[in-house]
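Undergrad: Predicted coordinates and the sequence they were generated for:
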Amino acid sequence: MPKNISYTSPASLICWLVFLVSCTSELSFEFNDADKKHVISCIYKADDKLNVYAHYSEGFATKDASVAKGLKMQLSQAESDLIEAELYKDSLYTFGYTFIEDIADINITDTVSGKQFSGSLQRMPYVYLSSAVCYRNNTIYDYDYGSWFTKYEIELQDEPDTDNYYEIVLLDAKGYQVETIVNSPVFSKNSHDFNVPILFSDENFRNNSLKLPIYANGECKIACLRNVSKSYYDYYKSLTAHIDSQNVLIDDDTPLDLFFSPYPVELYSNVDGALGVFMSYSESLISFTISR
Amino acid sequence: MRNLYVLVMLLTSSIIDAQTRQICGYVADKNTLEPLIGASVVISGAGGVATDKNGFFCLDIPANISMVLSSSYVGYKTQHFTLKPTFETTIQLYLEPGLSIGDVVVTAQANKRADVINIPIQRLSAIPNITGEPDLLKALHTMPGIQMGKEGTSDLYVRGGEKDENLYLLDDVPLYYVNHIGGFMSVFDTNIIKDVTVYKGVIPARYGGRLSSAIDVRLKDGNAGEHKGEFMMGTLASKFYLEGPYKNNQKTKYLVSLRRCNLDLFMRPYTRLITNGEDANGYTFFDGTIKLTHTFTPKDKITALVYFGRDKLFFNTIPSDEESKYKQKINWGNRVFSLKWNHLFNNHVFNETRFTINRFFNTNKNSIESDDLKDKSVLRSSINDYTLQNQFKIINRNTKIYAGGGINMHHFKPTVSETTTTTTATGNYNYSYKVHTWAPELYVFTDLEWDLSSKLSVNPGLRLVYWSNASQWSIDPRLALNYSLRHNLYINGGYSYNHQYIHLLTGSSSGFPAELWIPASKELAPKTAELASLGLFYTPRHYTISAEAFIKQWDNLVVFNPSLFVLGAANWDKMVDAGGTGLMRGIEFFASKNTGNVTGSLAYTLSRNRHRFEQINNGKSFPFKYDRRHELTTSLNIKLSANKSLSFTWVYNTGTPATVPHQWYPAINNFNNTISFNEAHFYGSINNYRAPAYHRLDIGYSRTKKVRNRERVLFLGVYNAYNNMNPFYVYLQQNEGQVKLYKFTLFPMIPSISYSVKF
């Protein structure tokens, strides 16, 4: 693996030069941690268990996570009775296997403070890949990663007449997710990096089919297509942006300059009254065929 | 066009007047014959004017009587000339250098406006600098309304504008990159600069394309009298320049200037030493200017200019086991070529035609070599401009008209990527990717400087631009008014509306060029700024006092969003958060004592600058990254003797804002169909923290000694003399289980020394 040198700016050279005479000192600063917020999140996979996770936000100076207990959760659907969730362990409230027909609303009450929160979930229909092909002899060397990536190609027919959002995940023989690189016009606002999801909207191939080359670091056996909700798409987009723009590297030796960091991106939330997200997806799998 | 012609004819029709006569001429240095820009030419009782960028002036005087004409310029002895009552129309005035640097300060005097700054170049060497080098752009930081960015860097933020909103002109050629060593030095070599004018308010229409300022840097033409040179060893760089007549022919002059940064000479061995020979890293820069001026006839002059500047950062790694070698070389800089023809039709009509090529480039080369792998990759980005422009200047008794137009072919290459990989197992693999676009820009402009009466002058201007990449026309109007309340007291007003069709993206992600220029397009609108200002300008004897209030509003602002960055993507207009707005209100105050053994200045700005983007801070406005409520700069220059001077500069700024997370929370994630949580930060709002105030005192001492024909200048400086620990940056770090906020001070007290020999 090559030595990874991250170029920031030539100014860093001056920093080296005068490092011996420069110094650091603590600034007096009070983190505003009095107003703790509820964080309520749910990723609902179609026809799977419906679990909701609840936490409190914490002051930045302390790193101990705390979970939100004492919440009462109720799910309602059109023409359905209310279903209540149970606290399963720590922060996990579960409705168990709950069939959602189309859209379900979740209302949450903090029984201690009386605060009310709400959100909604959508059952995403299944979409299937038309084909998934592995090109074993077609490889590229990724300079940043320092490794060879093999070419795969999937084909997808867009669901007509609706705005759709998709995620592709490549799995190895053990079912583990493989790191990938994609560079395609469909990723109008996505990174090609190997450590972010292959998540895209259909805005550039609406009602048409898409052939998407993907380079993977390892042998993939299964291609997984997820039909994801808009909230899923917006959340993961903002999660990538939020992590990229975090102006704090607590555990790194190289501190980040708060003066000149890019503007931080707040994480997407669609829960009324709380931080967190309600999102959903459906998943279909297909095995790769080997190209001769 | 026809109406314009009629207007010109009307304005020039009053040239001949029975009661007055007009006298025109040039003011130049007596020894070098270098035209002097902004020199004062005064006739007692008949008023005065300042010379233009060619050292030219025109003045109306009463006919048929003898008069005494006085000409003066900072750093020169005032000269008096008797004008005979004959119909003399053209004269040459030669001024003799005479005063030392302690006698001059940065002023805004020549234009009688608070928003126009003229800098006598002699002033620059009296300001202490971290690098020990005089620096033009850092001298501008001492003026109200012109902010510094990061401490020690040359970036200018004029009245709240971003750094890409400044038009830097090197002899009329725009420069896209004006820094060396990441901004710690500017590309402008003060040895070869003749004059600098900064427009920070209403920018004349002939300087188009930027929103916040025009910095017009004029280079010397070269010494027509004799060959002169200078060699200087500074803390960071060495420089050499030579000027003189070609083959002792005063019609042809040359000027050559070369600079080289010395850092690599000791960085390379130092890094080898500390890594046991595994690494050899370093940085250097090199720049040069060659200027040739040939005067064919008294009415025709051709000037050729070549400028080249390159910064180089390099990393070489050869591990002790020599299994693989790694090399990285990053180059960036400007290359400029300009050919200019000045023609004087008569004493009233000037023409200037010029063709320029300027290129800003950034190249990142990497290579890895091992027994079974050879990999080379190059990532380039550049912008190339090819400009042809013609400009007329028409001078009448009470009017000056600038009119012209041109075409600028911008060629943007945000990404050119080439990779070659060879392995013993798979053979050769080549990959190349190129993103580029042409963006032709057509423009016409006119500026009118019209003295409506002895008290009132108006300067309307108009610039019409067609930007093909967005298929968009724009009209940028401006108007500046100047009313003389009494002899030396003026009231100024101004309004302008400007478009800027290029955006600068800056980033620090791995592989991202330090600066990337991208064009406005149909999807990415040009940014605009609207400015209104009102000020007072007062020039009692020996002093200059000015105050100006302004309001400035931006639309279609753009910030780079690193999370949207796609290497090699053609749609760079989607890597930004666009559509931002900005609003700045401010009051600037400036006072200076300009003559005598003790001179000095005081500049203060009170301002508030906020930005708003739909995508940032939940759509709420937030302070701009350089929003500083108070900015104060005072300077004092004391002339100790004829060849010794002492200077003090004290700077105080409100602290820089920053965004600090106040809380964190678990952000849900689903990897390998397993729920996990990332750490998410809750900021509350952007720029929610203010760093401690910034202040420092700089002291400079200079001594000049003449031995035979050589002048030796010793400069001693102390930067941050009382060692205030100003935050260069602030950061969060965990210490003993607690996250705390820290500041990092990069520039405590730093002494500097430079020694130069002029021959």
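TA: That came through fine.
Undergrad: What about residue A:125, how many residues nearby?
TA: 12 (other CB atoms under 10 Å in any protein chain shown). C-betas here are computed from N, CA, C, even on glycine.
Undergrad: roughly how far apart are it and residue A:106?
TA: Look at residue A:125 and residue A:106: by CB to CB, to the nearest Å, they are 20 Å apart.
Undergrad: Same question for residue A:124.
TA: Distance of residue A:124 to residue A:106, computed by CB to CB: 16 Å.
Undergrad: OK, contacts around the residue nearest to residue B:327 when sequence neighbours are not counted?
TA: Sequence neighbours aside, residue B:367 is the residue nearest to residue B:327 in space, at 4.8 Å (criterion: CB to CB, 6 or more residues apart in numbering or on different chains). Applying CB atoms under 8 Å, 6 or more residues apart in numbering or on different chains to residue B:367 gives the contacts B:325-328, B:374-377.
Undergrad: Is it possible to mark the buried ones in those?
TA: B:326-328, B:374-377 (16 or more other CB atoms under 10 Å in any protein chain shown).
Undergrad: now, the most widely separated pair of those residues?
TA: Maximum pairwise distance in these, criterion CB to CB, is 15.4 Å, between B:328 and B:374.
Undergrad: Just the pLDDT for residue 249.
TA: The chain I'm using is chain A. Looking at residue A:249, its pLDDT reads 53.
Undergrad: actually chain B
TA: Per-residue confidence (pLDDT) for residue B:249: 75.
Undergrad: Look at it and say how many residues are nearby.
TA: That count, for residue B:249 with other CB under 10 Å as the rule, works out to 11.
Undergrad: Which strand or helix spans the spatially most central residue of chain A?
TA: For chain A, the residue whose C-alpha lies nearest the mean C-alpha position (CA atoms, centre = their mean) is residue A:236; its distance is 3.5 Å. Using DSSP states H and E, residue A:236 maps to helix A:230-245.
Undergrad: swap in residue B:239?
TA: Here residue B:239 is assigned to strand B:237-246, by DSSP H and E.
Undergrad: in whichever helix or strand comes after that strand, what counts as buried?
TA: Per DSSP H and E, the first helix or strand lying C-terminal to strand B:237-246 is strand B:249-261. For strand B:249-261, the neighbour count (16+ other CB under 10 Å) marks B:252-257, B:259-261 as buried.
Undergrad: How about the residues of the stretch 251-400 of chain B by chain A?
TA: Contact residues, the stretch 251-400 of chain B versus chain A (CB under 8 Å from any CB of the partner chain): B:263, B:267, B:283, B:311, B:313, B:315, B:317, B:324, B:326, B:328, B:330, B:364, B:366, B:368, B:373, B:375, B:377.
Undergrad: doesn't the last one fall inside a strand?
TA: Going back to what we said before, that points to residue B:377. Yes. Assignment of residue B:377 by DSSP: H, G, I helix; E, B strand; the rest coil places it within a strand.
Undergrad: beta partners of the nearest residue to it once chain neighbours are set aside?
TA: Leaving out its chain neighbours, the residue that sits closest to residue B:377 by CB to CB, 6+ apart is residue B:419, at 4.3 Å. Note on residue B:419: beta-bridge partners by DSSP bridges are residue B:377, residue B:431.
Undergrad: Can you name the residues that contact residue B:174?
TA: Neighbours of residue B:174 in contact, by CB under 8 Å, 6+ apart: B:167-168, B:209, B:358, B:385.
Undergrad: What's opposite it in the beta bridge?
TA: residue B:169.
Undergrad: just residue B:368 next, same as before
TA: Counting by DSSP bridges, residue B:368 forms beta bridges with residue B:326, residue B:375.
Undergrad: next one: residue B:499
TA: residue B:528.
Undergrad: What is the burial count for it?
TA: The burial count for residue B:499: 24, using other CB under 10 Å.
Undergrad: if I look at it, how far off is residue B:116?
TA: Residue B:499 sits at a distance of 22 Å from residue B:116 (criterion: CB to CB).
Undergrad: And the residue of the stretch 101-250 of chain A that's closest to chain B?
TA: Proximity of the stretch 101-250 of chain A to chain B (CB to the nearest CB) peaks at residue A:241, 3.3 Å away.
Undergrad: Would you mind confirming that that residue is in contact with residue A:266?
TA: No. If you go by CB atoms under 8 Å, residue A:241 and residue A:266 don't touch, sitting 9.4 Å apart.
Undergrad: Tell me if residue A:207 really is in a helix.
TA: No. Per three-state DSSP, residue A:207 lies outside any helix segment and is coil.
Undergrad: where does it land on pLDDT?
TA: pLDDT, residue A:207: 89.
Undergrad: Isn't it up against residue A:162?
TA: No. Assessed by CB under 8 Å, residue A:207 is found out of contact with residue A:162, at 9.6 Å.
Undergrad: Helices of chain A, start to end?
TA: Counting by DSSP state H, chain A has helices at residues A:11-17, A:230-245.
Undergrad: lowest-confidence stretch among those helices?
TA: Taking the mean pLDDT of the helices of chain A, helix A:11-17 comes last: a mean of 44.
Undergrad: where in chain A is pLDDT low?
TA: Residues of chain A meeting the criterion pLDDT under 70: A:1-22, A:63-65, A:79-80, A:142-145, A:183-196, A:247-261.
Undergrad: Break it into its domains for me.
TA: Using automatic domain parsing, the domain ranges for chain A come out as A:38-122, A:129-267+A:281-290.
Undergrad: Tabulate those (a markdown table), appending distance to residue B:392.
TA: Below are the domains of chain A laid out as a markdown table (distance: least, CB to CB, whole Å):
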| stretch | distance to residue B:392 |
| --- | --- |
| domain A:38-122 | 62 |
| domain A:129-267+A:281-290 | 44 |
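Undergrad: Tell me which of these sits nearest to residue B:560.
TA: Of those, nearest to residue B:560 by CB to CB is domain A:129-267+A:281-290, at 6.9 Å.
Undergrad: tell me which residues form a beta bridge with the residue nearest to residue A:278 when sequence neighbours are not counted?
TA: Ranked by CB to CB, 6+ apart and with sequence neighbours excluded, the top spatial neighbour of residue A:278 is residue A:119, at 3.9 Å. Listed by DSSP bridges, the beta-bridge partners for residue A:119 are residue A:106.
Undergrad: before we move on, what about the one 10 residues further on?
TA: Note on residue A:129: beta-bridge partners residue A:156, judged by DSSP bridges.
Undergrad: Tell me which helix or strand residue B:450 sits in.
TA: Judged by DSSP H and E, residue B:450 forms part of strand B:427-451.
Undergrad: What of residue B:357?
TA: Element membership of residue B:357, judged by DSSP H and E, is strand B:349-370.
Undergrad: how distant is that strand from the center of its chain?
TA: Distance of strand B:349-370 from its chain centroid, counting by CA atoms, centre = their mean, to the nearest Å, is 17 Å.
Undergrad: Could I get the average pLDDT for it?
TA: The model assigns strand B:349-370 a mean pLDDT of 91.
Undergrad: same question, stretch B:503-520
TA: 65.
Undergrad: Surely residue B:518 is in contact with residue B:414?
TA: Yes. Between residue B:518 and residue B:414 there is a contact at 5.9 Å, judged by CB under 8 Å.
Undergrad: if you skip the residues just before and after it, what's nearest to residue B:272?
TA: Excluding the flanking residues, the one nearest residue B:272 by CB to CB, 6+ apart is residue B:280, at 5.3 Å.
Undergrad: Same question for residue B:454.
TA: Closest to residue B:454 by CB to CB, 6+ apart is residue B:484, at 7.3 Å.
Undergrad: give the contact list for that neighbour.
TA: Per CB under 8 Å, 6+ apart, neighbours of residue B:484: B:454-456, B:490.
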